[in-house]
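>>> heads up, no residue letters with this:
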């Protein structure tokens, strides 16, 4: 149990730990690598760490709780559940760290509620105290920072720079775009509009002319309500001065986060002198303003997050999901040979979080070829399972969110020698690699390779895309060559954006299936450990995404109004929808008959509404259904809806219509019981000029047409006389014939 302490004695307790703490560095709550770091640290040194709590919310439970929700609502609900869960479980730990922060013994703190973890920087004594006194903490781990050159995955050390070329209109596409057939998708009308992507990288020159129009503006921080958080001040793009107030307006823990966040320096401007993130952003959505079309999805919006250590990559995932992102891409990866080695289980847990929220994640996989050795060439988190298991992956384990991407040379469409060899592995790594610092949970030991002789592991990469020989945006408004799985990965992200723009309701599993099954076959038949399922084809992926849009009937209802029934229905999406045949049957006649046809809207992802009125009905019960018909003749039936046309409560004679009329008009009336009915027409001097009805009629609503073609213009009177078991009803009304 935790020891009870007061704020007044906290500092003295920590200081007493100065010598005792180091003697207790073997505490099992402190990860072995962190124990070594602490032994070498000065007493005042701030150590970057993260503390993961024992209690973790079950992703199986999350999926069951939110499965019935629409995609975007499910995303919000998963965020709400995990945030509230962490608020309860972390309360005592947070309170302690906040008190230490006030005494300058903790310098920063972030809440990774997606994995019930607290990320913070603290002096060694605070870390020791947490380990000794908070049983709810499972482990405290070191959060190492790595040089950008280690975590990024281009193959070129020095990029070749190209100046802007604004003379071509439209701007020519860089070679990677033509290889994957992205221009064909644009020609079909899809450029990624409506999709929000997130680029987790080394920062981005976000005011580059090719990027600024697609930079996401966080309207939760739009304090002056002008619909922008970035504005043109006459000479440069800047954060809107009217929004800069030092307040966390949207309550997400990040102050004035107008376009994303720099998790490396913990500031609100994810800009950097490094060019890598600008290049990856340009391949996702660069729109060609300055002369070269670099982006696969030039109308998608982009959140930018700058990364530092592993924990920042997880915080960036959490941030982007909280902001409603559809796809995340990162060309940062964490290699087996890093010190400390990557926390594979935590990467996979965060990718499982993405999957639970319906978010797709594309990631680079290293440029290590086969130099590290199978099964560790594929770096994290590109080594995490994807959301759809390819049939060639006969060893079937768990699912996650990641599409790991290999690198083909754009000019040859051949896999680069630096593109990493799979398979990768998910097993108890400490059996054969006892120095690996992170125990593998049993549920993540589902794709063994080394510990089970003959086991296939997990086929990786999942797909390949052009990397080497491509061109993208670079800092300062120009362009530069780009390469590696760093360049291939944003091509895959942009393709995902095109697919989701065409069909927003696709799940991560469906997106993964689309990219893999439409990829151009390369290498060994099927999915292999060099090309994955093949090199992506954006146009074929787009066509399959369109074909998978259902005519999704959102609602269908019937309402009776006197002697008619009005049907109303709406669709969430439609594909090749020719229209709806409206069919009706009664309790007296069980055959379905067509009573009308309403044209559809073809293919659309917009909500569409329809209405149809079935008129002149007799008293009785009616059933209706819709027969939805595709342009190719394929049909699908809706559920049935029902309506009851009841008898009128009173006798009534309605005004004829049209009135005035020439030469015919309609006369309607209602009778609540079977009656002998007559309708007679008189001129203004009382002479009978026509007898329209003289018969026995059932209770209900009736209408008759009167043709006055042989009569002169003038005013006429029509009279209804209805005699039933309860007496006689008489009513008259005037009408005007104008010839």
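Received the coordinates, thanks. Note that this is a predicted model, so its numbers are computed, not measured. Numbering: from 1, shown residues only.
>>> so residue 376 sits right up against residue 422, yeah?
No: using Cβ atoms under 8 Å, residue 376 is not in contact with residue 422; the gap is 10.3 Å. Bear in mind the C-beta positions are built from the backbone N, C-alpha and C, glycine included.
>>> Between the two, which is the more surrounded one?
When residue 376 and residue 422 are compared for neighbours, residue 422 comes out ahead with 28 against 23, by other Cβ atoms under 10 Å.
>>> How about the contacts made by that one?
374-375, 377-378, 457-461, 529-530, 532 (Cβ atoms under 8 Å, 6 or more residues apart in numbering).
>>> likewise residue 510?
388, 548.
>>> So what's the gap between stretch 162-175 and the chain middle?
Here the centre of stretch 162-175 is set off from its chain's centre by 31 Å, with Cα atoms, centre = their mean, to the nearest Å.
>>> which other residues reach that stretch?
182-183, 209, 288-294, 410-411, 466, 469-472, 477-481.
>>> tell me the SS of residue 690?
strand (DSSP: H, G, I helix; E, B strand; the rest coil).
>>> what about it, distance to residue 59?
Distance of residue 690 to residue 59, given as Cβ to Cβ, to the nearest Å: 78 Å.
>>> again with residue 229
On the measure of Cβ to Cβ, residue 229 and residue 59 end up 33 Å apart.
>>> do residue 134 as well
24 Å.
>>> The strand ranked longest in the chain: partners in the sheet, and parallel or antiparallel?
Longest strand in the chain, counting residues (DSSP state E): strand 564-586. The strands that strand 564-586 pairs with in its sheet are strand 552-561 (antiparallel), strand 593-604 (antiparallel), strand 608-614 (antiparallel), strand 620-630 (antiparallel) (by DSSP bridges).
>>> Out of those strands, which one sits most buried?
Ranked by mean neighbour count under mean count of other Cβ atoms under 10 Å, these are led by strand 620-630, which reaches a mean of 18.
>>> Contacts for that one, please.
The contact list for strand 620-630, computed with Cβ under 8 Å, 6+ apart, reads 551, 553, 556, 558, 565, 567, 569, 575-588, 592, 594, 600, 614, 635-645.
>>> try stretch 260-277
Contacts of stretch 260-277 (Cβ under 8 Å, 6+ apart): 108, 148, 152, 154, 159, 198-199, 201-206, 216, 218, 239, 254-259, 303-308, 312, 315-316, 319, 331, 474-475, 480, 486.
>>> now, which of the residues you listed lie within helices?
Here DSSP state H is the test, and the contacts of stretch 260-277 give 148, 312, 315-316, 319, 486 as lying in helices.
>>> Just checking, which of those comes out lowest on pLDDT?
Within those, residue 148 has the lowest pLDDT, namely 88.
>>> ok, it - contacts?
202, 274, 276.
>>> Mind putting those residues into a markdown table with pLDDT?
Compiled in a markdown table, the contacts of residue 148 are given as follows (pLDDT from 0 to 100):
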| residue | pLDDT |
| --- | --- |
| 202 | 94 |
| 274 | 91 |
| 276 | 97 |
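>>> Need these in JSON lines (columns: neighbour count and distance to residue 733).
Output for the contacts of residue 148, formatted as JSON lines (neighbours: other Cβ atoms under 10 Å; distance: Cβ to Cβ, whole Å):
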{"residue": "202", "neighbour count": "24", "distance to residue 733": "82"}
{"residue": "274", "neighbour count": "18", "distance to residue 733": "85"}
{"residue": "276", "neighbour count": "27", "distance to residue 733": "83"}
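>>> Checking my notes, residue 36 in a helix, right?
Yes: according to three-state DSSP, residue 36 belongs to a helix.
>>> Please identify the helix or strand for residue 647.
Assessed by DSSP states H and E, residue 647 sits outside every helix and strand.
>>> Read off the pLDDT value for it.
pLDDT, residue 647: 83.
>>> Contacts only, for the closest residue to it other than its chain neighbours.
Nearest non-adjacent residue to residue 647, counting by Cβ to Cβ, 6 or more residues apart in numbering: residue 699, 4.5 Å away. The neighbours of residue 699, taking Cβ under 8 Å, 6+ apart as the test, are 619, 647-648, 671-675.
>>> So which of these wins on neighbours?
Result: residue 671 is most packed of the contacts of residue 699 (other Cβ under 10 Å), 25 neighbours.
>>> Show me the beta-bridge partners of it.
Assigned bridge partners for residue 671, using DSSP bridges, are residue 700.
>>> Strands of the stretch 301-450 of the chain, start to end?
In the stretch 301-450 of the chain, the segments counted as strands under DSSP state E, counting those that start in this stretch are 301-306, 327-330, 360-364, 402-409, 414-415.
>>> Save those strands as CSV, and put in mean neighbour count and mean pLDDT too.
Formatted as CSV, the strands of the stretch 301-450 of the chain follow (neighbours: other Cβ atoms under 10 Å; pLDDT from 0 to 100):
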stretch, mean neighbour count, mean pLDDT
strand 301-306, 26, 98
strand 327-330, 29, 98
strand 360-364, 32, 98
strand 402-409, 31, 98
strand 414-415, 20, 98
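>>> Nearest to residue 391, out of the ones you listed?
The closest of the strands of the stretch 301-450 of the chain to residue 391 is strand 402-409. By Cβ to Cβ, the value is 16.8 Å.
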